[in-house]
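Chemist: Sequence isn't available, so here's the structure alone:
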């Protein structure tokens, strides 16, 4: 064992439900990640991403102001560093899944059905950040249409709801 301690994931929570925000704070902490901030609008999320290093953005699609899609677009436009977007929403529609995946969402989770998967997913993302750069990949590299390149790519494809 090398004695190197894995770094703690920094998570920005973008959610407009106060009740769910409290539950997610607990879940993030229990997963060993650090809550870097909690915001409830697209504008606040984009500002937070530009002003501090964030590893993971956990976001709802429908916000008090703006949308999670706008946050995903901002991440795609660059200038925010390497960020892993995870969508957690009540709006589990195929067109939303496809749009989120096209904008770079790494996971698309239904709040009711998939909430309990969040600690495991944060652990997987944390392991990727701890790996060497050559082992890290993006959704587009892992899950090309029709040909997932590895088991993790298949998981991401299923999580994104893609029928490739």
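Modeler: Perfect, I can see it now. Given the structure is predicted, the values throughout are model-derived calculations rather than measurements.
Chemist: which residues in this protein form strands?
Modeler: When assigned using DSSP state E, the strands of the chain occupy the ranges 10-14, 34-39, 56-59, 84-89, 107-110, 143-144, 147-148.
Chemist: and the nearest residue to residue 33 once chain neighbours are set aside, backbone torsions?
Modeler: Ranked by CB to CB, 6 or more residues apart in numbering and with sequence neighbours excluded, the top spatial neighbour of residue 33 is residue 9, at 4.1 Å. The way it works is simple: take the backbone N, C-alpha and C, and place the C-beta from them, glycine included. The phi/psi pair for residue 9 (degrees, to the nearest 10) reads phi -70, psi 140.
Chemist: Give the full set of residues in contact with residue 9.
Modeler: 32, 33, 34, 55, 56, 122, 125, 126, 129 (CB atoms under 8 Å, 6 or more residues apart in numbering).
Chemist: Filter those down to just the buried residues.
Modeler: Among the contacts of residue 9, those classed as buried by 16 or more other CB atoms under 10 Å are 33, 55, 56, 122, 125, 126, 129.
Chemist: and the least confident of those residues?
Modeler: Across the buried ones among the contacts of residue 9, the bottom pLDDT score, 81, is held by residue 129.
Chemist: Tell me how far the nearest residue to that residue once chain neighbours are set aside lies from residue 36.
Modeler: Nearest residue to residue 129, sequence neighbours excluded (CB to CB, 6+ apart): residue 55, at 6.0 Å. According to CB to CB, to the nearest Å, residue 55 and residue 36 sit 8 Å apart.
Chemist: Common neighbours of those two, please.
Modeler: Contact criterion CB under 8 Å, 6+ apart; residues shared by residue 55 and residue 36: 10, 11.
Chemist: just to revisit the earlier point, tell me which of the strands of the chain sits nearest to residue 76.
Modeler: strand 84-89 (9.2 Å; CB to CB).
Chemist: what pairs with the closest one, and is each one parallel or antiparallel?
Modeler: strand 56-59 (parallel), strand 107-110 (parallel) (DSSP bridges).
Chemist: Comparing those strands, which comes out most buried?
Modeler: Most buried of the strands paired with strand 84-89, by mean neighbour count (mean count of other CB atoms under 10 Å): strand 56-59, with a mean of 26.
Chemist: contact partners of that one?
Modeler: Contacts for strand 56-59 (CB under 8 Å, 6+ apart): 9-15, 24, 28, 33, 45, 49, 68, 71-72, 75, 83-88, 118, 122, 125.
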